[in-house]
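*Asks:* give me the fold of what follows.
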Amino acid sequence: MSLGYAEKLSVIEDVGNVGMTEFFDPPHVLQQKVEELAMLIQKSKHLVVFTGAGISTSCGIPDFRGPKGIWTLQRKGQALPEASLPFHRATPSITHMALVELEKAGILKFLISQNVDGLHIRSGMPRERLSELHGNSFMEQCPSCGAEYMRDFEIETIGLKETARRCSKAGCGAKLRDTVLDWEDALPPKEMNPAEKHCKMADVVLCLGTSLQITPACNLPLKCLKGGGKIVIVNLQKTPKDRKASLVMHGRVDKVITGVMSLLNTRIPQFIRIDFLQVVLTQALSLDKKYVNWTLKLASVHGKQAPLPFIKSVDVSFSESLSMKATVLHSQPFHLKRRTARSIKPFDIFFKLNFSVGCKCSCTNLKIPVDFDISTESSNEEKDSIIQNLKDRAIKDPCCGQTALVERRAVLVPKSETSAYAIVTNIIEYESSSFELEASLPSNTGSFKRRNEGMLDSGVSWKRTKARKHNSRRRR
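*Replies:* Numbers count the residues shown, from 1 in each chain. Model (predicted):
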């Protein structure tokens, strides 16, 4: 989980068992269990997966209760672990992507997560197939119309508090709220109800990387038992629900899932992250009407005050015919002000976008055509189609830095033009050419290779409401 998230939580004395001993099944035993799990999944009619922090440790996100977990170290008075990447650049694990493929294949019917890292949505899991019980650190919601907004930056608050942005849905405009629950917050029925429904329907509930200590969430898998369903637990520590499970596996989740996918002859898909920015050109005539005073701004697509976290700096140059000095924009907001003769012909501005830590490539280039005779016609090509075409290009030619113009719109007062761009900033390829279970060691290394790390941002809209029932209040 995010270190920032843990620090934002209200202080309580009892956080449950921490520092629990890790257990590792012998390789031949784990192999047999992987084969048994693959058979259960293959035969299942309604597979539900229930995930915890353990599926994200290989992404560089610490868990809470493991030997190096956040609460374990806090209780010992030791320094907290340092994340290997900024939280907003964390990339999905092989398990995240395997679940996406199982859903696409029609095998996985529903996914329930206690995590707030947003990696299930970023990996491409459909929102309607997912319950995020404790919220999402990158999601804002509208309390009025229920719209949700997936951001490329971590939301500043937790506890369902108001944020600095408003709903952009036509006719709404209400102040948005964060979606991450604090200790005293109840589980939202819009997340809990479908989770309960699918657990009752499940013939297999697969629990991955969770200590199953957080109530009432940890009791959800048990709801499959009444209908004859089976529980499978994959976790390095023992859990309170082990005795209820048909199969308990002590092994690294990524290793287990790699083996399962290999036995199912199912590939792990590439993961591609696409980030967005907008270029805003605003202009006004000088008092003597001889010059055009213009401002160019590189900004987030998420609102005027939103950060642009994947850009570190911007090198700016101009068409040779313009005889204008190049410059470097070192800090946000990225603004450039210039004056040119009104009679000047259209010209180009060249941006070298220098990426921040966590992007696979160091930079990419954008060419912005400037014509002060702004047309009021807006681009009307389908945004989803443009983004999908960009993703397809990145799959065919796995090269970061590819770009596409997503949208262009213009207004006459004040005279301005806004162009939104999509940029491939990361790509992951997962390799698991053979599945051989060597002896497991207490480290976070998996049995796969990561190349060209990345993820895809996605915007979603789904109505949610606050929970009011006392018996749905959560305990970690």
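*Asks:* now the strands for the stretch 1-150 of the chain?
*Replies:* Along the stretch 1-150 of the chain, the segments classed as strands by DSSP state E, counting those that start in this stretch run 47-51, 108-113, 130-132, 139-141, 148-150.
*Asks:* could you dump the first one to CSV, C-alpha only?
*Replies:* Extracted in CSV, the C-alpha atoms of strand 47-51 (Å, rounded to 0.1, in the frame of the first residue of the first chain):
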residue,chain,number,x,y,z
LEU,A,47,-14.9,-17.8,-10.2
VAL,A,48,-14.5,-14.9,-7.8
VAL,A,49,-11.1,-13.5,-6.8
PHE,A,50,-10.5,-11.7,-3.6
THR,A,51,-7.2,-9.7,-3.4
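*Asks:* given that strand, what are its sheet partners and their directions?
*Replies:* strand 108-113 (parallel), strand 204-208 (parallel) (DSSP bridges).
*Asks:* swap in the third one?
*Replies:* Paired strands of strand 130-132, with direction, are strand 108-113 (parallel) (DSSP bridges).
*Asks:* same check, this time on the fourth one
*Replies:* For strand 139-141, the pairing partners within the sheet under DSSP bridges are strand 148-150 (antiparallel), strand 175-178 (antiparallel).
*Asks:* figure out which of those is closest to residue 307.
*Replies:* Closest approach to residue 307 among the strands paired with strand 139-141 (CB to CB): strand 148-150, 14.5 Å. Every residue, glycine included, has its C-beta placed from N, CA and C.
*Asks:* next secondary structure after that closest one?
*Replies:* strand 162-166 (DSSP states H and E).
*Asks:* could you tell me which ranges of this structure sit under the pLDDT cut-off?
*Replies:* 1-7, 9-19, 64-76, 81, 83, 374-381, 432-476 (pLDDT under 70).
*Asks:* so which residue of it lies furthest out from the middle?
*Replies:* Computed with CA atoms, centre = their mean, the maximum C-alpha offset from the centroid of the chain is found at residue 288, amounting to 50.7 Å.
*Asks:* next, the angle from the top helix by length along the chain to strand 204-208.
*Replies:* Looking across the chain with DSSP state H, the single longest helix is helix 27-43. Interaxial angle, helix 27-43 versus strand 204-208 (axes from the mean of the first three to the mean of the last three CA atoms, to 10 degrees): 140 degrees.
*Asks:* and the residue lying closest to residue 347 once chain neighbours are set aside, how far from residue 369?
*Replies:* Of all residues not flanking residue 347 in the chain, residue 319 sits nearest, at 4.2 Å (CB to CB, 6 or more residues apart in numbering). Separation of residue 319 from residue 369 (CB to CB, to the nearest Å) stands at 10 Å.
*Asks:* one more: residue 190?
*Replies:* In terms of CB to CB, residue 190 sits 45 Å off from residue 369.
*Asks:* returning to that earlier point: report the separation between the residue farthest from the centre of the chain and residue 339.
*Replies:* The gap separating residue 288 from residue 339 is 12 Å, by CB to CB.
*Asks:* all strands of the stretch 151-300 of the chain, in order?
*Replies:* 162-166, 175-178, 204-208, 230-234, 247-249, 271-285, 291-299.
*Asks:* can you list the ones you listed in CSV and add mean neighbour count?
*Replies:* What follows is the strands of the stretch 151-300 of the chain, written out as CSV (neighbours: other CB atoms under 10 Å):
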stretch, mean neighbour count
strand 162-166, 16
strand 175-178, 21
strand 204-208, 26
strand 230-234, 24
strand 247-249, 20
strand 271-285, 20
strand 291-299, 18
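*Asks:* with distance to residue 351 as added columns, please give those in CSV.
*Replies:* Shown next, in CSV, are the strands of the stretch 151-300 of the chain (distance: least, CB to CB, whole Å):
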stretch, distance to residue 351
strand 162-166, 26
strand 175-178, 30
strand 204-208, 42
strand 230-234, 46
strand 247-249, 50
strand 271-285, 8
strand 291-299, 7
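*Asks:* looking at these, which is closest to residue 123?
*Replies:* strand 271-285 (6.4 Å).
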